[in-house]
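[1] predicted model and sequence follow; I will ask about them next.
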Amino acid sequence: RADFLNLQLTETANKLSERNCVELIGLLVKEGLLNVIYTTDGKDIITEQRLIREILDEIYANGGRINIVDLAQHLRIDLTYIE
């Protein structure tokens with residue numbers, strides 16, 4: 001565990017560019033190794049697990065209830081993924 005913490009705290013000399021990250025994610029999606037959900041504006045992609053976490057956070061932030069149409073608009077996700 002300590003080795004992992006030290007690894008996280010060290011500076012890396014090699015970093016992936018945003019373009020390389022997009023290409024890598026695209027390749028993983030194409031190969032069926034990663035399932036992603038694209039936002040309605042096309043600027044972001046998220047995993048299903050992240051979407052579930054964001055939905056739960058929004059429900060909690062709104063006192064336990066939120067209209068799903070409002071939720072879809074706020075998260076910028078198509079309503080079909082939320083239903």
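    Arrived safely, thanks for sending. Numbering: from 1, shown residues only.
[2] spatially central residue for this protein, please.
    Within the chain, one residue has its C-alpha closest to the average C-alpha position: by CA atoms, centre = their mean, that is Ile46, at 2.7 Å.
[3] what bridges to that residue?
    Ile46 has these beta-bridge partners by DSSP bridges: Ile37.
[4] identify the residues contacting it.
    Ile46 is in contact with Val36, Ile37, Thr39, Glu54, Ile77, counting by CB atoms under 8 Å, 6 or more residues apart in numbering. C-beta here means a position set from N, CA and C on the backbone, and glycine is covered the same way.
[5] give me the buried subset of those residues.
    Ile37, Ile77 (16 or more other CB atoms under 10 Å).
[6] just flag the most distant two among the contacts of Ile46.
    Distances among the contacts of Ile46 were taken as CB to CB; the most separated pair is Val36 and Glu54, at 13.8 Å.
[7] next SSE after the helix or strand of the chain with the lowest mean pLDDT?
    Among the secondary structure pieces of the chain, namely its helices and strands, helix 2-9 has the lowest mean (mean pLDDT, DSSP states H and E), a mean of 70. Later in the chain than helix 2-9, the nearest helix or strand by DSSP states H and E is helix 18-30.
[8] chain center to that next one, what's the gap?
    For helix 18-30, the distance from its own C-alpha centre to the chain's C-alpha centre is 14 Å (CA atoms, centre = their mean, to the nearest Å).
[9] equivalent analysis for stretch 30-44, please.
    Once both centres are worked out by CA atoms, centre = their mean, stretch 30-44 turns out to sit 9 Å from its chain's centre.
[10] low-confidence regions, this structure specifically.
    Per-residue confidence for the chain (pLDDT under 70) gives these ranges: 1, 4, 7-8, 11-13.
[11] for Thr80, the count of nearby residues, please.
    Here the count is done by other CB atoms under 10 Å, and Thr80 has 8 residues near it.
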